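Peer 1: would you be able to build a 3D model of this:
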Amino acid sequence: MRRSVIPTIVHRLAILCYIAFALFPLFWLLKVSVTPNDLLYSEGVRMWPSRTTWDHYAFVLQHSAFPTFFKNSLIVSASTAVTVTICASLSGYALSRFKFRAKYWIVALMLLTQMFPLVMLVAPIFKMLSPLHLTNSLTGLVVVYTAFNVPFATFLMQSFFDGIPKDLEEAAMIDGATQFTAFRQIILPLTLPGIAATLGFVFTAAWSELLFALMLINGNDAATFPVGLLTFVSKFSVDFGQMMAAGVMALIPAGLFFLLIQRYLVQGLTAGAVKG
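Peer 2: Model (predicted):
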């Protein structure tokens, strides 16, 4: 009995240590965001300040361009997530179910796009988007983010489609359904966990992307949240309190998004497939 208890205790302690390690940066983010400027350095390293304030949040909301950055990031991330998920669902289904001559070449080219460093592609992409007037534009960011996220999302969705038996579609088509009807009414409901995972991955990737947003956007009108954080860094100082307050508020959309899709993330892939 004792031998079976000790591994369980060690296992749970390891999980608690991992959770604490993962959540501590978020705790420190919150702690700095409510610490007055005069206590940031005078109190040294403390787990919680002796006095708290909400002035950093008030300044970020009322006297900075953070609401604009927040709105822009929300538009870009949501548009990218929806567009990528639709494209990845269709292309992933095609790669999973159909055989055609150029299939393996297409897969190879999609893999090839994931092998180049993003820094190397900034200049060519900027030169391509400039004649189309897509620089300094939210539309341009959506186009770039979609192009870079579709290949991975396609492979992700393909893996979910591969796990669904083809017999379900064949049974539906025997009953008179078309290929598209079987896909829409039978396959898509079973891939809700995959769709939720793809939405979550793409949304967070677009929400936190900095490189292209920094290089393709000039000015605050079309800047996104990661670029907006740099406005709290001046030549001679860094407003850590305001930056951390903006960071805390930027976590809210991602948290709410995953809260909405969590029930699909934990569902079994074929849950309901054998319901009568």
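
Peer 1: grab the nearest non-local neighbour of Leu230.
Peer 2: Among residues not flanking Leu230 along the chain, Leu214 sits closest, at 7.7 Å (Cβ to Cβ, 6 or more residues apart in numbering). C-beta coordinates here come from the backbone N, C-alpha and C atoms, glycine included.

Peer 1: count the neighbours of the one you found for me.
Peer 2: 15 (other Cβ atoms under 10 Å).

Peer 1: now Gly247
Peer 2: Per other Cβ under 10 Å, the neighbour tally for Gly247 reads 18.

Peer 1: quick revisit: which ones are touching the residue nearest to Leu230?
Peer 2: Pro226, Val227, Leu230 (Cβ atoms under 8 Å, 6 or more residues apart in numbering).

Peer 1: and it, helix, strand or coil?
Peer 2: helix (DSSP: H, G, I helix; E, B strand; the rest coil).

Peer 1: now it: how far from Leu121?
Peer 2: 14 Å (Cβ to Cβ, to the nearest Å).

Peer 1: show me where the stretch 1-150 of the chain has its helices.
Peer 2: Taking DSSP state H, counting those that start in this stretch as the criterion, the stretch 1-150 of the chain carries its helices at 2-33, 55-62, 66-97, 103-113, 118-129, 138-162.

Peer 1: dump these to TSV, plus mean neighbour count, distance to Thr198 and mean pLDDT.
Peer 2: Formatted as TSV, the helices of the stretch 1-150 of the chain follow (neighbours: other Cβ atoms under 10 Å; distance: least, Cβ to Cβ, whole Å; pLDDT from 0 to 100):
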stretch	mean neighbour count	distance to Thr198	mean pLDDT
helix 2-33	11	23	86
helix 55-62	17	32	89
helix 66-97	20	5	91
helix 103-113	12	15	85
helix 118-129	14	20	88
helix 138-162	21	5	91
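
Peer 1: ok, which of those comes nearest Gly241?
Peer 2: Evaluated with Cβ to Cβ, these place helix 55-62 nearest to Gly241, the distance being 4.1 Å.

Peer 1: list the helices and strands that closest one packs on?
Peer 2: If contacts are counted by 3 or more Cβ pairs under 8 Å, 6 or more residues apart in numbering; DSSP states H and E, helix 55-62 sits against helix 240-265.

Peer 1: from the contact counts, what lies against the helix it packs on?
Peer 2: helix 2-33, helix 55-62, helix 66-97, helix 192-208, helix 225-229.

Peer 1: using a markdown table, lay out the helices of the stretch 1-150 of the chain together with distance to Gly219.
Peer 2: Converted to a markdown table, the helices of the stretch 1-150 of the chain look like this (distance: least, Cβ to Cβ, whole Å):
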| stretch | distance to Gly219 |
| --- | --- |
| helix 2-33 | 26 |
| helix 55-62 | 19 |
| helix 66-97 | 10 |
| helix 103-113 | 30 |
| helix 118-129 | 16 |
| helix 138-162 | 12 |
